[in-house]
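K.L.:
okay, sequence plus prediction incoming.
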Amino acid sequence: MNIGIDIDDTITNSSEVIKEYCYKYDSIYCNDNRLIKNFENIIRGFLDDEITKKFFNDHAVEMGNKIKIKDGAKEIIDKLRSEGNKIFIITARSDKFYEDAQKFCEEYLENNNINYDKLITHQTYKIETCKNENIDLMIDDAIDTCEQLSKEGIKVILFNSDINRNKETQVKRVDNWYQLYDEIQNL
């Protein structure tokens with residue numbers, strides 16, 4: 001099976017670090033809670049004004065390097081690969097915020113011993129990529145991405161995160177990598 005996996009809030013705990021930085025730097029950049037209020041847009045890379053753009057541009061690499069891998073992610077990805085599945089890391093991370101997103105992600109994944117078959121960056125909208133790469137299952141934390149892919153006939157599993165936990169969806173959800181593995185076994 002070809003399995004697509006998002007990075008932020010799926011393999012990693014990105015929202016924890018980005019939220020920490022929003023609280024830490026809000027008074028420096030704007031002092032009106034704009035960073036805190038726009039936390040979800042910031043983590044998704046939808047930066048609507050010059051202040052949030054500057055904040056993210058100033059701290060994207062620093063935050064990216066500080067973000068930790070979720071418990072069980074490496075172990076389960078390795079197990080899935082050992083069972084003959086191909087792992088495609090598909091992320092929205094782009095050169096818009098990283099000097100070379102492909103290189104940054106490759107180094108980050110290598111430094112954290114995450115093994116995969118292919119890394120695809122610059123993918124805010126993942127439908128065409130999933131179709132082109134014959135992805136059988138996509139694992140992501142973005143509800144809209146999962147719902148769009150599901151409508152296209154691609155199996156999806158939503159990884160719960162701080163920003164999606166209280167939103168309604170019919171998409172199957174998981175809280176951790178061990179639960180994810182069990183769901184994959186039931187497909």
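P.N.:
Sure, I can see it.
K.L.:
I'd guessed residue 10 sits against residue 139; true?
P.N.:
Yes - using Cβ atoms under 8 Å, residue 10 is in contact with residue 139, at 5.8 Å. No exception for glycine: its C-beta is placed from N, CA and C like everyone else's.
K.L.:
intersection of neighbour lists for these two?
P.N.:
Common neighbours of residue 10 and residue 139, using Cβ atoms under 8 Å, 6 or more residues apart in numbering, are residue 159.
K.L.:
quick one: distance of the helix-or-strand element of the chain with minimal mean pLDDT to the chain centre.
P.N.:
Lowest by mean pLDDT, DSSP states H and E among the helices and strands of the chain is helix 39-44, with a mean of 85. Relative to its parent chain, helix 39-44 has a centroid offset of 11 Å by Cα atoms, centre = their mean, to the nearest Å.
K.L.:
ok so, going back, who has more neighbours out of residue 10 and residue 139?
P.N.:
residue 10 (28 against 24; other Cβ atoms under 10 Å).
K.L.:
which residues touch the more buried one?
P.N.:
70, 139, 140, 141, 159.
K.L.:
quick one: contacts for the first one?
P.N.:
Neighbouring residues of residue 70 by Cβ under 8 Å, 6+ apart: 10, 11, 12, 13, 176, 177.
K.L.:
run the last query once more with 10 Å
P.N.:
Residues counted as contacts of residue 70 (Cβ atoms under 10 Å, 6 or more residues apart in numbering) are 9, 10, 11, 12, 13, 14, 76, 159, 176, 177, 180.
K.L.:
roughly how far does the residue lying farthest from the centre of the chain sit from residue 155?
P.N.:
Each residue of the chain has a distance to the centre, and by Cα atoms, centre = their mean the biggest one is for residue 31: 28.1 Å. Residue 31 sits 45 Å away from residue 155, going by Cβ to Cβ, to the nearest Å.
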